[in-house]
Structures are given as C-alpha cells and as structure tokens.
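Chemist: one predicted model, sequence on top.
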Amino acid sequence: MEDRLMWIRATYAPLFFFGFLTVGVWIAQAPAWPLWTLVAPLVCAVAVSLVVERIIPYQPDWNGWQPDTPRDLAHASVNESLNLAGVALWSTVAAAVAGVGLPRAWPDEWPLAAQLVLAIVLADVGFTLAHYASHRIGWLWRLHAVHHSLRRMYGFNGLMKHPLHQGIEAAAAFAPLLLLGAPQAVVALVGYAAVIQLLLQHSNADLRMGPLRHVFAWAPVHRFHHVKYGRSGDVNFGFFLTVWDRLLGTAFWTGRHRVNSDDLGIGTRPDYPLDYGSQLVEPFRSPTSSDAPATPAWLCRDTSAAGG
C-alpha cells in the first residue's frame with residue numbers, strides 16, 4: 001500500500017497536468033466541440049484534485065468543508081465567470097486591436113499543442129511580473145493581499161483573488177497574446193491551463209516533485225510564497241514555471257519544514273477579514289498593520305537550497 005501511495009505522490013502532478021492539457025487540446029481542435037465544453041474537464045479536474053488530496057494529504061486538517069469554504073466558492077465562481085467572459089470577448093477585442101494596423105505575428109501554422117506551449121510561456125512572463133510588482137507597489141499589494149489571507153492551501157482556493165487584481169494579472173498575461181494575434185482557441189486553452197495549474201499550485205496533496213521542482217511552480221514550491229513572515233514570503237512568484245524566479249533571484253526551496261496553518265496568512269494583518277464581502281472592500285480601507293512575526297530559522301535563505 002505504501003509503495004502505491006509513493007507512486008501517486010511522485011506521478012500525480014505531471015499526469016494530472018499533462019493529461020488534462022491533452023484533453024483540452026483535443027477538445028479545442030475537434031470541430032464538433034465548442035470551446036465552452038472545456039468546462040466539463042475542468043469540473044472533472046476539480047473533483048480529481050479533491051479526491052487525491054484525501055488519498056495523499058499534505059496537511060489532513062486542510063481538507064474538507066470548513067468555515068472558509070463558502071468564501072472560496074464565491075471567489076472561484078465570480079473569478080472563473082470573469083475568465084469565461086474574457087474568452088468570449090476575445091475575438092471582438094482582437095479585431096479592434098487588429099484594426100489599429102499592428103502586424104499579426106502569431107504562428108497559426110504550428111500544431112495547436114505547440115501554440116499552447118508558446119502561449120503559456122509568454123503569458124507566464126506577464127503574470128509573473130505583475131505578481132512580482134504586486135509585492136512591491138502598495139495599491140497592488142492591497143488588492144493582492146486578499147489572496148494571501150488564506151489560512152490553508154488546497155486546490156480549490158487558488159482562485160481566491162480580488163476580481164480587480166485578477167483582471168490586472170490577466171491583462172499582463174494576455175497582452176502579449178493579444179498583440180501577437182493569438183486566436184480564441186489558444187486563449188481559451190491558456191485560461192483552461194491556468195485553472196489546472198492552480199489546482200496543483202495550491203494542492204493539499206503531498207506531492208514529491210523531484211527534479212520537476214526546478215521547472216514547475218507546483219505546491220511544494222509555491223507554499224513558501226504564502227508564509228506570513230514579512231518579506232520572507234517574497235519568493236517563488238512564477239505561475240507556471242520557476243525559471244523566472246531564478247532570473248529574478250527569488251527562487252527558494254527547503255526540505256527542512258512542512259508548511260502548516262500557523263505559517264500562513266498575512267503576518268502584519270492577523271485581523272484581515274475572512275468573509276467574501278469584507279475582502280472585496282478591504283483594499284479600499286485605510287490599511288493598518290502590526291510588526292511581522294520573526295522569520296523562523298528554517299526559512300532563512302540558503303544559496304545551496306534556493307530553488308533546488
């Protein structure tokens with residue numbers, strides 16, 4: 001039994017990521033299937049994520065229905081609806097941009113899977129830079145702080161974001177695709193891939209990534225970004241990939257500690273509101289803060305461990 005669980009820990013993330021992306025590409029290029037049917041495998045992905053988190057939990061007490069679950073459902077429902085609206089409007093916006101006279105440089109002749117890889121890399125640059133800026137610019141941080149107020153991490157609360165901040169991240173991520181003339185199918189697939197990625201990035205499954213942690217920004221890497229110890233959490237900003245953190249000098253990894261609920265949240269705002277409505281208005285209130293908790297020894301940066 002233990003051998004089987006170890007196999008699941010080692011293989012779940014790549015099988016989940018590439019398996020659902022393969023399904024998405026197949027649907028997007030099937031003439032009989034409209035793009036909105038990508039919602040069906042997304043629902044399946046959420047279900048698989050919740051089941052696997054029960055089989056190989058990282059922190060068992062992060063599982064199950066809890067007082068924050070309705071809030072997370074509200075965030076996910078609103079934000080994913082906005083994502084779907086953005087995809088639906090893409091052709092109209094793209095036509096307006098094309099009307100300005102910009103040359104269209106998107107490689108339409110590539111296989112759809114290759115176009116998706118290119119689009120993910122380009123979008124990831126924009127997302128990561130917006131994310132990095134959100135930890136450096138005050139008004140952006142106030143919007144982004146909603147996401148950092150979580151006290152547990154499981155796949156479904158990856159979409160726990162203020163809708164305005166999600167819009168800013170999306171604008172930064174999709175601007176290169178818009179300017180290059182990416183088609184609607186590619187944009188829909190990037191949005192689809194983003195949800196698959198969030199289910200892994202916030203996963204409560206006890207993943208064993210091995211060398212893949214040098215490539216993908218999945219939960220074992222991303223959890224360190226959510227620690228509450230002041231600037232110590234300003235690491236691992238990449239959304240899909242970790243290469244950008246290596247370039248920014250913000251890559252971090254250690255195997256010396258298992259992140260738990262006591263490590264999460266906003267250390268300078270232990271009173272941050274936890275319900276959905278209050279989180280929507282909190283960024284527009286006068287900020288209050290206290291001193292950040294002291295950085296624990298396990299989180300001290302070690303050049304031999306950073307990113308590895």
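Modeler: Cool, got the structure. Residues are numbered from 1 along each chain as shown.

Chemist: surely residue 173 and residue 129 touch.
Modeler: No. If you go by C-beta atoms under 8 Å, residue 173 and residue 129 don't touch, sitting 9.3 Å apart. (Each C-beta comes from the backbone N, C-alpha and C, glycine too.)

Chemist: counting contacts, what elements does the helix or strand harbouring residue 179 pack onto?
Modeler: Taking DSSP states H and E as the definition, residue 179 sits inside helix 163-180. For helix 163-180, the packing partners by 3 or more C-beta pairs under 8 Å, 6 or more residues apart in numbering; DSSP states H and E come out as helix 69-98, helix 112-134, helix 138-148, helix 184-201.

Chemist: and the ones you listed, which is most packed in?
Modeler: Highest mean neighbour count of the helices and strands packed on helix 163-180: helix 184-201, a mean of 23 (counted as mean count of other C-beta atoms under 10 Å).

Chemist: okay, that one in CSV with CA atoms only?
Modeler: Only the C-alpha atoms of helix 184-201 are listed here, as CSV (Å, rounded to 0.1, in the frame of the first residue of the first chain):
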residue,chain,number,x,y,z
GLN,A,184,-9.5,32.5,-29.4
ALA,A,185,-8.9,28.7,-29.1
VAL,A,186,-5.3,29.3,-27.8
VAL,A,187,-6.5,31.9,-25.4
ALA,A,188,-9.3,29.6,-24.1
LEU,A,189,-6.7,26.8,-23.6
VAL,A,190,-4.4,29.2,-21.7
GLY,A,191,-7.3,30.0,-19.3
TYR,A,192,-8.1,26.3,-19.0
ALA,A,193,-4.4,25.5,-18.3
ALA,A,194,-4.3,28.2,-15.7
VAL,A,195,-7.1,26.5,-13.7
ILE,A,196,-5.3,23.2,-14.0
GLN,A,197,-2.2,24.8,-12.8
LEU,A,198,-3.9,26.5,-9.8
LEU,A,199,-5.3,23.1,-8.7
LEU,A,200,-1.7,21.9,-8.5
GLN,A,201,-0.1,25.1,-7.2
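
Chemist: for that helix, packing partners?
Modeler: helix 2-28, helix 39-55, helix 69-98, helix 112-134, helix 163-180, helix 219-222.

Chemist: make it 6 Å
Modeler: helix 2-28, helix 39-55, helix 69-98, helix 112-134 (3 or more C-beta pairs under 6 Å, 6 or more residues apart in numbering; DSSP states H and E).

Chemist: let me know the average pLDDT across that helix.
Modeler: On average, the pLDDT along helix 184-201 is 97.

Chemist: with stretch 139-154 instead?
Modeler: Averaging pLDDT along stretch 139-154 yields 96.
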